[in-house]
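A.B. asks: sharing a model that was predicted from the sequence below.
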Amino acid sequence: MKILVLAGSVRSGSIHRNLALRATEALREAGVEATFVDLRDFPMPLYDGDLEASEGLPVSAKALKEVARQADGFAIASPEYNGSYPALLKNALDWISRPEPGEGPLEVFRGKVAGILSASPGQGGGKRVLKQLRELLTMMRVNVLAEELSFPSATGEFGELERARLREWAEALAHAGVGARG
């Protein structure tokens, strides 16, 4: 099983980048081939239908889409920006969701599994973004794992308790992914 791991933030020292890296480790420990992808390595313009019509998908969107196509599922660690996911993450998902010639709508996502997680220095732990992200991914025909992780009062350092929770979450995602593949 192959899982593509994304962080919704590219900021240096980001809690979510660190969380995504810890999730990658936990998934590997669960026997999953997990690949962390830094969205900074895939710069894309804001989604624009006119740009898509005149030039097609940007090269970086095509490259990320190919990585996503090879994955059986996704793990997404997203910060909460004003109660929702960041524009960076939404823009990347929008671009790679666009069908190319001979491809059906949302084909890169259809039937795949996703695990979602968030952390926050505040007491909410990013729970509002998880609700929004679940709704978005479900609309994109992704089977979102019921188990989601939220870490309140997060500093970016994940101790043994947090790592234990990550391992349980990774095991659940690995099991869900195997079931999704049949």
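C.D. replies: Here it is on my side, so go on. This is a predicted model, so every value here is computed, not measured. Residues are numbered from 1 along each chain as shown.
A.B. asks: residue contacts, the most centrally placed residue in the chain?
C.D. replies: Nearest to the mean C-alpha position of the chain, counting by Cα atoms, centre = their mean, stands residue 76 at 2.5 Å. Counting by Cβ atoms under 8 Å, 6 or more residues apart in numbering, residue 76 makes contact with 5, 6, 7, 8, 20, 89, 114, 115, 116, 117, 133, 137. Quick note: C-beta positions are derived from backbone N, CA and C, even for glycine.
A.B. asks: could I get the phi/psi values of the fifth one?
C.D. replies: What it means is residue 20. phi -60, psi -40 (degrees, to the nearest 10).
A.B. asks: correct me, but it touches residue 79?
C.D. replies: No - if you go by Cβ atoms under 8 Å, residue 20 and residue 79 don't touch, sitting 10.9 Å apart.
A.B. asks: Three-state assignment for the residue nearest to the centre of the chain, please.
C.D. replies: Following DSSP: H, G, I helix; E, B strand; the rest coil, the label given to residue 76 is strand.
A.B. asks: compute the distance between the residue of the chain positioned farthest from its centre and residue 98, please.
C.D. replies: Most distant from the centre of the chain: residue 54, at 28.4 Å, with distances by Cα atoms, centre = their mean. From residue 54 across to residue 98, the span is 13 Å (Cβ to Cβ, to the nearest Å).
A.B. asks: so which residues make contact with the longest helix anywhere in the chain?
C.D. replies: Criterion DSSP state H: the longest helix present in the chain is helix 160-181. With contacts defined as Cβ under 8 Å, 6+ apart, helix 160-181 is touched by 1, 3, 22-23, 25-27, 29-32, 72-73, 75, 111-113, 115, 117, 143, 145, 147-149, 151, 158.
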